[in-house]
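Q: Okay, predicted coordinates and the sequence, questions at the end:
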Amino acid sequence: DKGNYRHFMLKEIYEQPEVIGHTLGSFVDLTTGKTRLPASASIDFSSVKRMALSACGTGFYAALVGRYYFERYARIACDLDVASEFRYRESPLEDVDLALFVSQSGETADTLASLRHAKAEGLQTAAIVNVDESTIARETDHVLPTLAGPEIGVASTKAFTCQLMALAALSIRAGVARGRISEAQEMEFTKTLQETPRLVNEALHLEDQIDQLSREMATKKHALFLGRGFSYPLALEGALKLKEISYIHAEGYAAGELKHGPIALIDDTMPVVVIAPHDRSFEKTASNVQEVAARGGDIILLTDRKGAEAKVVDEAHTIVMPRMPEILTPIVYSIPLQLLAYHTAVQMGTDVDQPRNLAKSVTVE
Ligand code: M6R
């Protein structure tokens, strides 16, 4: 039931503050502020030095954020593959202590096959899944449920942000277990994570502004998404979201890759969405924004108050996000990207919940 919403996708976008909070609750004891694992998992992170992450589509981008989290906060080295490549890459897996899969449906054929491959190789396996009676949930050693509830829209929204929340909390759990995060820091992190529902809610208030921008986006044939560090996976996800429901050709790039090719595409017909919270990579990304501006590109800048005050370029559509600690930026900056894709698709009159050629869960390889 869509309730008062025009599409399931929009309803699911608005469910995020609540379901992200639920998901957090299974990884953090909200009364003590300590991280924990859900009852269906018993991973001993103290002995995990290397992980192999694998997933498809949006789940893969969540895993890419996960890699940044685990490497930074837990100092666990992460290999990462799209699931359709994992089995064929013939990577030596002897040093891998845990294989982690990410899947909303728990039925994606490539991800399931990768899980089976990992098990056959004798690896310990864990899966972040949204459907707890799914095949992947049944076959993995450890189940890490996201509590997003049923996701009907083919374009994944709330499942993605719940995956990010699970990954953020897990990386802190792992950091504590590995002695990289003190008890006091753990408390600080879990307090921060509890701010997410409120910040997501604030980001949802930007809907009208983003709706305005979508009117112009809907007239375009191509779009570029750029981000650095924690925002790089979001550039990829923002581009996927836009292309899958509006059919506008969109590419996501690490901002630093701009001058290695894609800059050749920039002229005054090219919209460039830049995800740039004022974090440790801001200055670098800002110089990429100036390179785009110098070539007449049409910039949509997602940043915060500090980033906006930096006045990187004269002409940009700037969406001012709330300020937040770095760990939260991938989750909260997902919201404007989802809304941009959604409103652009609505403008174009495409079938938002059931885009052409796509299935909600891809059960063939
Ligand atoms: O159910 P899964 O998370 O395993 O699905 C993986 C992809 O098929 C899925 O994320 C797909 O890319 C979405 N349509 C993206 O919005």
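A: Noted; the coordinates are in hand.
Q: Return the residues in contact with whichever residue of the stretch 51-200 of the chain sits closest to the ligand.
A: The stretch 51-200 of the chain approaches the ligand most closely through residue 57 (1.9 Å), counting by C-beta to the nearest ligand atom. C-beta: built from backbone N, CA, C; applies to glycine. Contact analysis of residue 57 by C-beta atoms under 8 Å, 6 or more residues apart in numbering lists 156, 240.
Q: Quick check, pLDDT for it.
A: We have a pLDDT of 98 for residue 57.
Q: For it, give me phi and psi.
A: Residue 57 has phi and psi values of phi 60, psi -130 when expressed as degrees, to the nearest 10.
Q: And it, how far from residue 110?
A: For residue 57, the distance to residue 110 equals 10 Å [C-beta to C-beta, to the nearest Å].
Q: buried set for the helix or strand containing residue 113?
A: Using DSSP states H and E, residue 113 falls within helix 109-120. The neighbour-count check on helix 109-120 (16 or more other C-beta atoms under 10 Å) flags 109, 110, 111, 112, 114, 115, 117, 118 as buried.
Q: the strands in the stretch 151-300 of the chain, which residues?
A: Secondary structure of the stretch 151-300 of the chain (DSSP state E, counting those that start in this stretch): strands at 222-227, 249-254, 271-275, 298-304.
Q: which helices and strands does the helix holding residue 113 pack with?
A: Here helix 109-120 touches strand 50-55, helix 83-86, strand 98-103, strand 125-129, helix 135-139, going by 3 or more C-beta pairs under 8 Å, 6 or more residues apart in numbering; DSSP states H and E.
Q: mind redoing it with 10 Å?
A: strand 50-55, helix 57-73, strand 77-82, helix 83-86, strand 98-103, strand 125-129, helix 135-139 (3 or more C-beta pairs under 10 Å, 6 or more residues apart in numbering; DSSP states H and E).
Q: can you list the residues of the stretch 151-300 of the chain near the ligand?
A: 154, 155, 156, 244 (C-beta under 6 Å from any ligand atom).
Q: 8 Å instead, please
A: 154, 155, 156, 157, 159, 160, 240, 241, 244 (C-beta under 8 Å from any ligand atom).
Q: Please name the bridge partners of the nearest residue to residue 71 once chain neighbours are set aside.
A: Spatial nearest neighbour of residue 71, chain neighbours left out: residue 78 (5.8 Å); criterion: C-beta to C-beta, 6 or more residues apart in numbering. Beta-bridge pairing of residue 78 under DSSP bridges involves residue 51.
Q: Find me the pLDDT at residue 78, would you?
A: For residue 78, the model assigns a pLDDT of 98.
Q: Contacts only, for the spatially most central residue of the chain.
A: Central residue of the chain (C-alpha atoms, centre = their mean): residue 62, 4.2 Å from the mean position. Going by C-beta atoms under 10 Å, 6 or more residues apart in numbering, residue 62 touches 53, 55, 102-104, 128, 146, 156, 159-167, 233, 237, 330, 334.
Q: Distance check, the nearest residue to residue 80 once chain neighbours are set aside against residue 82.
A: Using C-beta to C-beta, 6+ apart and skipping the chain neighbours, the partner closest in space to residue 80 is residue 53 (4.6 Å). Going from residue 53 to residue 82 by C-beta to C-beta gives 10 Å.
Q: returning to that earlier point: now list whatever residues contact both of residue 57 and residue 110.
A: 82, 83, 103, 362.
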